[in-house]
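Colleague: coordinates only, sequence not included:
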């Protein structure tokens, strides 16, 4: 909605306000609220991007069919696994109703949960392993990992109608955590930080429910590195991974270098994987 400020034309803030507020950092009614961020979703084995209340299926440029793998730059990660509890959890569903209990830090239930199950995750009965009637070992509360990732703007421009030059949230489900850990260790041992290359995330064809696979695609260039490094510390990235400092107006924040929005020309994430770096191959 357009704001009409003509009533203030020719006016200025009273001198006492200027004197008093000049000693404090600038404040805004938007502090602590923040803009909503995009979410990279999967349902079944189809990828989509949800942004500002609308869901966009990610499709191929050639024929418009849904893709079963997406190329991303993994910008940053939550240091701990998060937890969520749904009374009727469905492993095939990545979006839907809010969990009745959750812990962003994986240690203590969030302050705004609907039904806190215990004072800490360590003593919570929902976090205990037990044997289900079909003989499988399971827990009621599930672990997941929060990643901030970047999608190729040419892809988002095609599926949304406009390029999205900002980080988005990817929730890595329980069965996909071990493969992620193995992939990360292999790439680190090879000397490649996870944000320094393009990762293709697909689905294990042998799994009955969505289980991620991870594959290195292409090393990023020095020109692309500037934008990626800036995005790693962008406030929206920090919100996605659950960094508490960004939610506190006036709190000490990391100094950001470079733009907060990726230049449209970088990185160039391809839908058809390029040949992986030889030194990083398994």
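Modeller: Done, it's in. Because the structure is predicted, anything quoted here is derived from the model rather than measured. Numbering: from 1, shown residues only.
Colleague: any stretches of the stretch 51-200 of the chain with poor pLDDT?
Modeller: Where the stretch 51-200 of the chain drops to pLDDT under 70, the residues are 89-97.
Colleague: which stretches in this structure count as strands?
Modeller: Per DSSP state E, the chain carries strands over the ranges 38-43, 46-51, 54-57, 70-77, 82-85, 101-103, 130-131, 137-138, 141-151, 168-172, 197-203, 212-219.
Colleague: in TSV, list these along with distance to residue 14.
Modeller: Backbone N, C-alpha and C define where each C-beta goes, glycine included. TSV is the format used below for the strands of the chain (distance: least, CB to CB, whole Å):
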stretch	distance to residue 14
strand 38-43	41
strand 46-51	41
strand 54-57	43
strand 70-77	43
strand 82-85	47
strand 101-103	45
strand 130-131	65
strand 137-138	64
strand 141-151	42
strand 168-172	43
strand 197-203	54
strand 212-219	57
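Colleague: closest to residue 189 out of those strands?
Modeller: Among the strands of the chain, strand 212-219 comes nearest to residue 189, with 12.8 Å by CB to CB.
Colleague: what angle sits between that closest one and strand 197-203?
Modeller: Per axes from the mean of the first three to the mean of the last three CA atoms, to 10 degrees, the angle that strand 212-219 makes with strand 197-203 is 150 degrees.
Colleague: list the helices and strands strand 212-219 packs on?
Modeller: Identification of packing neighbours for strand 212-219 by 3 or more CB pairs under 8 Å, 6 or more residues apart in numbering; DSSP states H and E yields helix 177-189, strand 197-203.
Colleague: just the ones you listed: most buried one?
Modeller: Burial of these is given as mean neighbour count (mean count of other CB atoms under 10 Å); strand 197-203 ranks first at a mean of 21.
Colleague: got the angle for that one vs strand 46-51?
Modeller: Angle of strand 197-203 versus strand 46-51, following the same axes, to 10 degrees, is 120 degrees.
Colleague: would you pull up how far strand 197-203 lies from the middle of the chain?
Modeller: 14 Å (CA atoms, centre = their mean, to the nearest Å).
Colleague: adjacent strands (with direction) for it?
Modeller: strand 70-77 (antiparallel), strand 212-219 (antiparallel) (DSSP bridges).
Colleague: deepest of those strands, which one?
Modeller: Most buried of the strands paired with strand 197-203, by mean neighbour count (mean count of other CB under 10 Å): strand 70-77, with a mean of 23.
Colleague: contacting residues around that strand?
Modeller: Here strand 70-77 makes contact (CB atoms under 8 Å, 6 or more residues apart in numbering) with 40, 47, 58, 145-152, 155, 167, 170, 194-195, 197-202, 217, 220, 228, 231-232, 237-238, 240-241, 267, 269-271, 273.
Colleague: could you check the angle it makes with strand 168-172?
Modeller: Going by the same axes, to 10 degrees, strand 70-77 makes 90 degrees with strand 168-172.
Colleague: how about residue 106, what does it touch?
Modeller: Residues near residue 106 by CB under 8 Å, 6+ apart: 80, 81, 82, 83, 121, 143.
Colleague: skipping its backbone neighbours, what lies nearest it in space?
Modeller: Leaving aside its chain neighbours, residue 106 sits nearest to residue 80 (4.4 Å; criterion: CB to CB, 6 or more residues apart in numbering).
Colleague: same check, this time on residue 103
Modeller: Closest residue to residue 103 apart from its sequence neighbours, by CB to CB, 6+ apart: residue 83 at 4.4 Å.
Colleague: these two touch, right, that neighbour and residue 122?
Modeller: No - counting by CB atoms under 8 Å, residue 83 does not reach residue 122; the two are 11.0 Å apart.
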